[in-house]
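Colleague: Would you be able to build a 3D model of this:
(one chain, ligands or ions: 1)
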Amino acid sequence: MARILVVEDESAIAELVAINLRHAGHEVTVAVDAVQAQFEVDSVLPDLVVLDWMLPGQSGLALARQWRGAARTRAMPIIMLTARAEEADKIIGLDAGADDYLAKPFSTQELMARIRAVLRRKAPESLDAAVELADLRLDPATRRVTRRAGEAVQEVRLGPTEFKLLHFLMTHPERVHSRSQLLDRVWGDHVFIEERTVDVHVKRLRDALSAVQCAHLVETVRGAGYRISEQAHAASA
Ligand code: CA
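Modeller: Numbers count the residues shown, from 1 in each chain. Modelled structure (predicted):
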């Protein structure tokens with residue numbers, strides 16, 4: 001389930017979208033203008049933004065451009081809503097960095113389908129599909145992590161934060177993630193948690209994985225952060 005920010009000044013539309021998203025199990029925040037939207041994004045980086053083009057003050061289009069230009073929000077998925085249905089407007093919206101574009105009036109079913117599609121493309125860890133790496137298998141539906149050792153299957157016991165951390169790492173393997181990126185993607189809050197917290201949970205994750213001889217999969221990259229790597233496994237196997 002994803003954290004979704006809805007930026008829309010028309011309260012009837014904002015409410016309708018929020019109700020449908022909450023019904024689908026998402027966590028929803030609503031902002032009525034660019035200032036409030038920026039405030040929300042600064043405190044918690046959402047998994048996706050539904051952004052109305054026409055807002056009082058700064059437009060949604062300008063806001064999308066601003067987010068695309070900032071390192072922290074560059075990859076944040078945006079679906080733009082607009083009363084305009086011209087092809088040229090659609091191109092401008094997509095050029096500004098929107099991942100998708102929906103003209104009003106839209107059906108909530110269609111918006112939900114677009115949101116699912118963008119989340120699937122951008123954040124595989126928000127889905128319930130099981131992921132595998134080396135001998136490890138993580139199943140979000142059952143919240144189980146197991147290690148296959150020959151015919152045997154060993155269970156890995158993890159706390160909720162270590163589970164989320166491992167889920168994120170396994171769905172983004174081989175890449176190095178800084179502590180700040182991990183705070184954004186795993187904790188979702190950049191502001192109130194110290195980066196040291198990441199180290200504490202990585203250590204707990206390694207301790208749990210070491211019980212099934214998999215601690216080496218989680219690597220520390222000096223001065224950069226952490227990554228999970230199948231290469232490490234191959235090298236030590
Ligand atoms: Ca509007």
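Colleague: Can you name the residues of this protein that neighbour the ion?
Modeller: Within the chain, the positions adjacent to the ion are 9, 52, 54 by C-beta under 5 Å from the ion. In short, each C-beta sits where N, CA and C put it, glycine included.
Colleague: mind giving me the domain split of this protein?
Modeller: 3-127, 131-236 (automatic domain parsing).
Colleague: could you redo those as a markdown table and give each row mean pLDDT?
Modeller: Listed next are those as a markdown table, based on pLDDT from 0 to 100:
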| stretch | mean pLDDT |
| --- | --- |
| domain 3-127 | 89 |
| domain 131-236 | 88 |
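Colleague: Reformat these as JSON lines; add mean neighbour count.
Modeller: Formatted as JSON lines, these follow (neighbours: other C-beta atoms under 10 Å):
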{"stretch": "domain 3-127", "mean neighbour count": "18"}
{"stretch": "domain 131-236", "mean neighbour count": "16"}
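Colleague: List just the nearest of the residues of the chain next to the ion to Arg22.
Modeller: Lowest distance from Arg22 to the residues of the chain next to the ion (C-beta to C-beta) belongs to Asp52, with 18.5 Å.
Colleague: partners of that closest one in the sheet?
Modeller: On the basis of DSSP bridges, Asp52 is bridged to Leu81.
Colleague: Please name the nearest non-neighbouring residue to Arg157.
Modeller: In space, Arg157 comes closest to Ala208 once its chain neighbours are excluded; the distance is 6.1 Å by C-beta to C-beta, 6 or more residues apart in numbering.
Colleague: Tell me which stretches of this structure form strands.
Modeller: Along the chain, counting by DSSP state E, strands occupy 3-7, 27-31, 48-52, 78-82, 100-103, 131-133, 136-139, 144-149, 152-156, 218-221, 225-228.
Colleague: so who does Phe106 touch?
Modeller: By C-beta atoms under 8 Å, 6 or more residues apart in numbering, the contact set of Phe106 is Leu81.
Colleague: Report the separation between it and Ile91.
Modeller: As judged by C-beta to C-beta, to the nearest Å, Phe106 and Ile91 stand 18 Å apart.
Colleague: Next: Leu21.
Modeller: The spacing between Leu21 and Ile91, counted by C-beta to C-beta, is 27 Å.
Colleague: what does Glu10 give?
Modeller: Distance, Glu10 to Ile91, by C-beta to C-beta: 24 Å.
Colleague: what does Ile193 give?
Modeller: Ile193 sits at a distance of 40 Å from Ile91 (criterion: C-beta to C-beta).
Colleague: Give me the contact list for stretch 91-103.
Modeller: Counting by C-beta under 8 Å, 6+ apart, 51, 53, 61, 64-65, 67-68, 77-85, 90, 110-111, 114, 117-118, 121-122 sit against stretch 91-103.
Colleague: what about 7 Å?
Modeller: By C-beta atoms under 7 Å, 6 or more residues apart in numbering, the list of residues contacting stretch 91-103 from outside reads 53, 61, 64-65, 67-68, 77-82, 84-85, 90, 110-111, 114, 118.
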